[in-house]
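Chemist: Sequence plus the predicted model coming up.
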Amino acid sequence: MNSRNAKQEQAHRFSYQGLDRVIHERARLSILASLLAHPRGLSFGELLESCDLTDGNLSRHLQVLQAERLVGVTRALGPGRPQTRCRLTAAGRKRLLDYLGVLEQVLLDASDAMGADSSPASRPAFARS
């Protein structure tokens, strides 16, 4: 890499372009993290419980995630009433893992910045080694 490219990269080191705005929103990040932990998917009710959202909020965030093709939603007739099941798509999994990689870099950069200014005991758990 030439010195000009190195300077440009250093100048934009903290821009974190990979912090995807669709994923970065707290409720959507909660939904995606819940679905990542449950590869077979979760019912609408299970997501409500897991993410502590209202029906309307969960519905709206699922619409956004569906439009971005991060989540698949299926509706089937079950005993009593229709069942809605949500799953992370393959594209959603990849996009979330890419996002988490960038978020990890944010944490590492913060840890490095704190390194000279704090004792190991006062550093956050992610920064202790």
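Modeler: Perfect, I can see it now. Residues are numbered from 1 along each chain as shown.
Chemist: element containing the residue lying closest to residue 73 once chain neighbours are set aside, please.
Modeler: Excluding the flanking residues, the one nearest residue 73 by Cβ to Cβ, 6 or more residues apart in numbering is residue 86, at 5.3 Å. C-beta coordinates here come from the backbone N, C-alpha and C atoms, glycine included. Assigned by DSSP states H and E, residue 86 falls within strand 82-88.
Chemist: Please identify the buried residues of that strand?
Modeler: Neighbour counts over strand 82-88 (16 or more other Cβ atoms under 10 Å) mark 84-88 as buried.
Chemist: show me where the protein has helices.
Modeler: 3-11, 21-24, 26-36, 44-51, 55-67, 90-115 (DSSP state H).
Chemist: rewinding a little: what sits against the residue nearest to residue 73?
Modeler: 31, 35, 41-44, 47, 62, 71-73 (Cβ atoms under 8 Å, 6 or more residues apart in numbering).
Chemist: got a pLDDT number for the spatially most central residue of the chain?
Modeler: What sits nearest the mean C-alpha location of the chain, by Cα atoms, centre = their mean, is residue 29, with 4.1 Å. Looking at residue 29, its pLDDT reads 96.
Chemist: Surely it and residue 23 touch.
Modeler: Yes. With contacts counted by Cβ atoms under 8 Å, residue 29 reaches residue 23, the gap being 5.9 Å.
Chemist: that older thread, can you give me the mean pLDDT across the strand holding residue 86?
Modeler: Per-residue scores along strand 82-88 average to 94.
Chemist: Then stretch 16-23?
Modeler: 84.
Chemist: how long is it from one end to the other?
Modeler: 14 Å (Cα to Cα, to the nearest Å).
Chemist: mind starting the numbering at 661 from now?
Modeler: Got it, first residue is 661 now, which makes that one stretch 676-683.
Chemist: Could you tell me how far it lies from the centre of the chain?
Modeler: Centroid separation between stretch 676-683 and its chain, computed with Cα atoms, centre = their mean, to the nearest Å, is 9 Å.
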